[in-house]
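Undergrad: Give the three-dimensional model of this entry:
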Amino acid sequence: MAVTAAMVKELRERTGAGMMECKKALVENNGDLEAAVEHLRKTGLAQADKKASRIAAEGKIMLAANDAGDEAVMVEINCETDFVAKDENFLAFAGKVAEAALESDSADVGGLMEGDLEAERQALVAKIGENIQVRRIARMSSADNIGAYVHGGRIGVLVEVAGGDAELARDIAMHIAALNPAYVGADDVPADVLEKERQILLAQAESSGKPADIIEKMVSGRLRKHLAEITLLGQPFVKDGDLTVAKLLDRNKASVKGFSRLAVGEGMEKKSENFADEVMQQVKGG
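TA: Sure, this is the predicted structure:
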């Protein structure tokens, strides 16, 4: 596979490595982006894989919950610009979608948007002049505490907490919004994900030239640290860094059953505006 400038650019954005190192890694891995990321991490050239935190598209995360507090939904509604994301017509439509999602018993966007809601979306697109889409629905039903939190309309969390109280559940939701854990606990991390990380850490440690027994201790220690970083229970609580979330839950005789976290534009590429190119296209077209 031919290595393009766009591929080199994306790898550089994801890893923070130099341009030549990125190009070399892509060439050596036949253009496989994920393999190139792993190669750069193993050789210590990658600063961090930044792709997961790159937010591209605009829009809002809208929350709706029933009066009993045992059911809640979050909906991601996207638009093209931050300006439209603050528009009262867009926000009114987004709120209506969230309420409709709460009343339904499905997380299927296609089913939700049949009929009147889809007609309203199309009318809003015509009125505002931007592409507007309902992208995702996350819903939670539970007899336990449901913690719900939306930060700035851009990050939303639903978390199911057994035990404790409503305040604890909201605090946990706020923590998840801030620190973005991938899993609840170490037992929830898939074996292949764990093994892949172990191999990366092993390759990094072996480059130190230290004895095998020391390398094994280094890898074990770094793997424990990595697990603490990616799991909710292992992370320091956002309101008290001296306390892990696991200890906070133990103090309150509570446990987390599961959570959902949505961030606006996650995994989407934002439209890149190049006004010089736009003018040139208009001139050529004219």
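Undergrad: What is the distance between the host helix or strand of residue 193 and the centre of its chain?
TA: Element membership of residue 193 [criterion: DSSP states H and E] is helix 191-206. Computed by CA atoms, centre = their mean, to the nearest Å, the separation of helix 191-206 from the middle of its chain amounts to 23 Å.
Undergrad: I'd like to know which elements the next helix or strand after it is packed against.
TA: Once the chain leaves helix 191-206, the next helix or strand it forms, by DSSP H and E, is helix 212-230. Counting contacts by 3 or more CB pairs under 8 Å, 6 or more residues apart in numbering; DSSP states H and E, helix 212-230 packs against helix 191-206. From N, CA and C alone the C-beta is placed, and that goes for glycine too.
Undergrad: Which residues belonging to the helix it packs on are considered buried?
TA: Using 16 or more other CB atoms under 10 Å as the test for burial, helix 191-206 gives 197, 200, 201, 202, 203, 204, 205.
Undergrad: residues touching the fourth one, list them.
TA: Think residue 202. 215, 219 (CB atoms under 8 Å, 6 or more residues apart in numbering).
Undergrad: all helices for this protein, in order.
TA: 5-15, 19-28, 33-42, 82-85, 88-103, 109-112, 116-128, 166-179, 191-206, 212-230, 245-251, 275-285 (DSSP state H).
Undergrad: Which one, of these, ends up nearest to residue 260?
TA: helix 166-179 (9.1 Å; CB to CB).
Undergrad: What are the buried residues along the closest one?
TA: Here helix 166-179 shows 168, 169, 170, 171, 172, 173, 174, 175, 176, 177 as buried, counting by 16+ other CB under 10 Å.
Undergrad: Equivalent analysis for stretch 125-141, please.
TA: 128, 130, 132, 133, 134, 135, 136, 137, 138, 139, 140.
Undergrad: Rebuild the helices of the chain as a markdown table, extending it with distance to residue 156 and mean pLDDT.
TA: A markdown table is the format used below for the helices of the chain (distance: least, CB to CB, whole Å; pLDDT from 0 to 100):
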| stretch | distance to residue 156 | mean pLDDT |
| --- | --- | --- |
| helix 5-15 | 25 | 83 |
| helix 19-28 | 34 | 86 |
| helix 33-42 | 28 | 86 |
| helix 82-85 | 14 | 90 |
| helix 88-103 | 10 | 94 |
| helix 109-112 | 16 | 86 |
| helix 116-128 | 20 | 85 |
| helix 166-179 | 7 | 95 |
| helix 191-206 | 25 | 86 |
| helix 212-230 | 20 | 86 |
| helix 245-251 | 19 | 96 |
| helix 275-285 | 33 | 50 |
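Undergrad: Now distance to residue 262 too, for those, in CSV please.
TA: Shown next, in CSV, are those (distance: least, CB to CB, whole Å):
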stretch, distance to residue 262
helix 5-15, 22
helix 19-28, 30
helix 33-42, 24
helix 82-85, 15
helix 88-103, 12
helix 109-112, 13
helix 116-128, 19
helix 166-179, 10
helix 191-206, 21
helix 212-230, 18
helix 245-251, 20
helix 275-285, 32
